[in-house]
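Undergrad: Need a 3D model of the sequence below.
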Amino acid sequence: MRADSSRIQTRVDRLIAARTRFQPGAYPIIQGLGIATSQPGSRARSIPAVRPTRSTSTGQCKNWPEEGLQKSLLVITNEVFSRQARKPVLRRQLRRGQMLEFFANLQPCLVGMEACAGSHFWARRLREFGHDVRLIAPQLVKPYVRGQKNDANDARAICEALQRPDMRFVAIKSVEQQALSHLHTTRSQLMKRRIAQTNAIRAMLAEHGLVLPRAMKALRQGVPELLDDASNELAGITRMLIQEEMLMLAQLQQRIDELDRQIKSQAAANPACRQLQQLPGVGPVSASALVAQVDRAQHFKDSRQLPAAVGIVPRQHSSGGKNVLLGITKRGDEYLRWLFIHGARAFLKAQQLKPAEQREAPRVRHLA
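TA: Predicted coordinates:
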């Protein structure tokens, strides 16, 4: 094993020397790494680390390795680029189970990967090895893809996006943030299932000419009355099915109420959530959902960037010095944007019930 590592090290040194012989004293920087699938039976190899040099004035690494990482299912294909030569130095493949061992033996470097469901886990693990990990949104990587869609071009696009000075990166979530986010994700799924359940019950009743008001309260009160009414044409099998559907609806509501209690307890124990709940229209659900997505507001340059990231700012289609503003952009997290909009609606509705002189601000008085 040591003999193989020494041979690979010798080969890397020769490649580095060949690409930097015209620049004395310059040491190349690793800047490309991508994960991709390959044919079964392909062998995975590790590559030795490139040692960064440390600046004496700033204390930071001057020649800091950069690697772009794209995740898929089976095999990691990594490309090592030289910043001076602007060409790939090495291409290697790693199995998913070999990834942690590979980065554990690698000198600290800058790692970039596309933001996805598992990227936060890998970012936390790689940070434990001293690496600087950056997550990039896939839509920001797409413009840098050259040629057709393949794993090598995707890895190179990540490297190009990683080097942009104005690139926006995704904040890495902690385990607590992901746990809080799981509560909201499960709650959102159950609410969609509850809507589907009510639509199924209403459709069954509508086929027999029985139509109830749209409110959930009207459905819960009206269905038992319709089932007890023998004058309608509901058959015995249909009545039994509707009763079972109503039981399933009650079970879904119980699970949603339990999740609401857990979210409220989590929000009460979090100082940031308690501070956010002091804002009008923000409750435990909205505050905890925002904390689950944005742990630190310092990630944004100013207060205008947060609503832009959520997608509640006007969409622009301007040209020739003429500003054209359209509807909201609808970017970012749909669930968080939904909570913000409904929180604003609830606040305005509460203001409408107050006299005009008791409303909180002149702008709110005008809107309400």
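
Undergrad: low-confidence ranges in the stretch 51-200 of the chain?
TA: For the stretch 51-200 of the chain, the stretches with pLDDT under 70 are 51-93.

Undergrad: need the helices for it, in chain order.
TA: 99-104, 119-128, 138-141, 151-162, 175-206 (DSSP state H, counting those that start in this stretch).

Undergrad: deepest of those helices, which one?
TA: Across those, averaging neighbours per residue (mean count of other Cβ atoms under 10 Å) puts helix 151-162 on top, at a mean of 22. For glycine as for every other residue, the C-beta is placed from the backbone atoms N, C-alpha and C.

Undergrad: Adding distance to residue 281, write the helices of the stretch 51-200 of the chain out as CSV.
TA: Below are the helices of the stretch 51-200 of the chain laid out as CSV (distance: least, Cβ to Cβ, whole Å):
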stretch, distance to residue 281
helix 99-104, 44
helix 119-128, 29
helix 138-141, 30
helix 151-162, 36
helix 175-206, 18
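
Undergrad: wait, which of the ones you listed is closest to residue 111?
TA: Closest to residue 111 of the helices of the stretch 51-200 of the chain, according to Cβ to Cβ: helix 119-128, at 5.7 Å.

Undergrad: Could you name the helices and strands sitting against the closest one?
TA: helix 99-104, strand 110-114, strand 132-136 (3 or more Cβ pairs under 8 Å, 6 or more residues apart in numbering; DSSP states H and E).

Undergrad: Can you list the buried residues in the biggest helix by length in the chain?
TA: When the chain is parsed with DSSP state H, its longest helix is helix 236-269. Neighbour counts over helix 236-269 (16 or more other Cβ atoms under 10 Å) mark 238, 242, 245-246, 249, 252-253, 256, 259, 263, 266-267 as buried.

Undergrad: can you check stretch 161-177 too?
TA: Those would be 161-163, 167, 169-173, 177, for stretch 161-177 by 16+ other Cβ under 10 Å.

Undergrad: before we move on, the earlier item: of the helices of the stretch 51-200 of the chain, which is nearest residue 302?
TA: When these are compared by Cβ to Cβ, helix 138-141 sits nearest residue 302, at 20.0 Å.

Undergrad: List the contacts of that closest one.
TA: 114-116, 154, 157-158, 161, 167-168 (Cβ atoms under 8 Å, 6 or more residues apart in numbering).

Undergrad: swap in stretch 270-286?
TA: By Cβ under 8 Å, 6+ apart, stretch 270-286 touches 184, 260, 263-264, 266-268, 287-288, 290-291, 339-340, 343-344, 346-347, 360.

Undergrad: Show the average pLDDT along that stretch.
TA: In this model, stretch 270-286 carries a mean pLDDT of 90.

Undergrad: For the residue of the chain positioned farthest from its centre, which three-state class applies?
TA: Ranking residues of the chain by C-alpha distance from their mean position (Cα atoms, centre = their mean) puts residue 231 at the top, at 53.4 Å. Per DSSP: H, G, I helix; E, B strand; the rest coil, the local secondary structure of residue 231 is coil.

Undergrad: swap in residue 219?
TA: helix.

Undergrad: surely it meets residue 212?
TA: Yes. Under the criterion of Cβ atoms under 8 Å, residue 219 makes contact with residue 212 at 5.6 Å.

Undergrad: what residues are shared contacts of those two?
TA: By Cβ under 8 Å, 6+ apart, the residues touching both residue 219 and residue 212 are residue 202.

Undergrad: returning to that earlier point: make JSON lines from the helices and strands packed on helix 119-128 and add distance to residue 351 to it.
TA: Listed next are the helices and strands packed on helix 119-128 as JSON lines, based on distance: least, Cβ to Cβ, whole Å:
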{"stretch": "helix 99-104", "distance to residue 351": "54"}
{"stretch": "strand 110-114", "distance to residue 351": "43"}
{"stretch": "strand 132-136", "distance to residue 351": "39"}
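
Undergrad: Brilliant, that's me finished.
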